[in-house]
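S.K.: Sequence first, then the predicted structure, then my questions.
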Amino acid sequence: QVQLVESGGGLVQPGGSLRLSCAASGVIFSSCSMGWVRQAPGKGLEWVSDVDCGGGRTYYADSVKGRLTITRDNAKNTVYLQMNSLKPEDTAVYYCNAVLGGVDYWGQGTQVTVSS
């Protein structure tokens with residue numbers, strides 16, 4: 001059974017930083033592309049970032065480019081999202097996503113709130 005467990009969310013002031021983690025189990029992690037998607041209050045899902053299976057290629061939404069960095073550690077079955085220069089509009093529930101063989105898997109989400 002595939003499980004994705006996010007952690008690291010919380011309340012941070014504008015301009016601050018957070019690092020989200022997503023630990024995967026029940027899947028051959030190194031065979032999965034991984035990513036993050038977020039949902040702001042009252043809005044739909046927004047794709048944030050992806051990283052390929054080996055970690056060599058990363059992709060970002062324009063809204064987060066230059067501020068958020070996705071990395072993965074295949075030895076630890078974990079993907080990270082380093083979030084710097086956070087803005088109030090980054091407030092959302094952040095979901096970890098794994099894609100394996102065309103099948104999507106999702107975590108339960110972690111809340112990030114950017115507010116003074």
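M.R.: On my side now, so go ahead. Residues are numbered from 1 along each chain as shown.
S.K.: list the contacts for Arg72?
M.R.: Contacts of Arg72 were listed using Cβ atoms under 8 Å, 6 or more residues apart in numbering, and they are Met34, Val51, Gly55, Thr78, Val79, Tyr80. Every C-beta, even on glycine, is put in place using the N, C-alpha and C of the backbone.
S.K.: typo on my end, it should be Gln108
M.R.: By Cβ under 8 Å, 6+ apart, the contact set of Gln108 is Leu4, Val5, Glu6, Tyr95.
S.K.: Now do the buried residues in stretch 13-25.
M.R.: By neighbour count on 16 or more other Cβ atoms under 10 Å, the buried set for stretch 13-25 is Leu18, Leu20, Ser21, Cys22, Ala23, Ala24.
S.K.: which residues make contact with that stretch from outside it?
M.R.: 2-10, 12, 32, 34, 36, 76-88, 94, 96, 98, 107, 110, 112, 114-116.
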